[in-house]
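1. Show me how the following folds:
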Amino acid sequence: MERDIDMNEVSDGRLYMANDLVKADCRGCHGCSACCQGMGASIILDPLDVFWLCNGLKTSFEALMADRIELNIADRLILPNLKMAGTQEACTFLDDCERCSIHSFRPGMCRLFPLGRFYEGHGFRYFLQVHECPNPDKAK
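-> Residues are numbered from 1 along each chain as shown. Presented below is the predicted three-dimensional model:
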């Protein structure tokens, strides 16, 4: 999804490649689920994400569409995304303790957090989203 933003406002000013070490590990979050709330339709699922969700939950795409994912238009395409619900607009996969109930097979976008992708030409690099995770003590 293309966004028109000032990279100096949202990143640490560096662009990373796949093999770079980045201080982005939130150390298991320790009960914080701030990154799983208020995301709107931004957690877009690719076919592999849907495959892992269906396998991990032992359910069908149609069953997930009932209350866990929804379809929205992104970049003029109709794509599935994680559904948010409630007053906090929380991910529907958060459990009663606000922990991720699908952590071992969570979508790729969730696995990358708090990294974002910076697309240029025919490829991309990663950037650290400095304001997204409130945990001050990140590890590499």
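2. which residues sit in contact with the most far-flung residue of the chain relative to its centre?
-> For the chain, the residue at maximal distance from the C-alpha centroid (C-alpha atoms, centre = their mean) is G121, at 23.1 Å. Contacts for G121 (C-beta atoms under 8 Å, 6 or more residues apart in numbering) come out as none. Using the backbone N, CA and C atoms, a C-beta is placed for each residue, glycine as well.
3. residues near L57, how many?
-> 15 (other C-beta atoms under 10 Å).
4. That one contacts L64, doesn't it?
-> Yes - if you go by C-beta atoms under 8 Å, L57 and L64 touch, sitting 7.4 Å apart.
5. Can you give me the separation between G121 and S101?
-> 38 Å (C-beta to C-beta, to the nearest Å).
6. Which strands and helices lie in contact with the biggest helix by length in the chain?
-> In the chain, assigned by DSSP state H, the helix with the most residues is helix 47-57. Counting contacts by 3 or more C-beta pairs under 8 Å, 6 or more residues apart in numbering; DSSP states H and E, helix 47-57 is packed against helix 61-67, helix 108-112.
7. chain center to that helix, what's the gap?
-> With C-alpha atoms, centre = their mean, to the nearest Å as the basis, helix 47-57 stands 15 Å off its chain's centre.
8. what is the mean pLDDT for it?
-> For helix 47-57, the mean pLDDT works out to 96.
9. got the CA coordinates for it in CSV?
-> Provided in CSV are the C-alpha atoms of helix 47-57 (Å, rounded to 0.1, in the frame of the first residue of the first chain):
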residue,chain,number,x,y,z
PRO,A,47,-2.3,-15.6,-0.2
LEU,A,48,0.4,-17.2,2.0
ASP,A,49,-1.1,-15.4,5.1
VAL,A,50,-4.6,-16.7,4.3
PHE,A,51,-3.2,-20.2,3.8
TRP,A,52,-1.4,-20.2,7.2
LEU,A,53,-4.5,-18.7,8.9
CYS,A,54,-6.8,-21.4,7.4
ASN,A,55,-4.3,-24.2,8.3
GLY,A,56,-3.5,-22.9,11.7
LEU,A,57,-7.1,-22.4,12.7
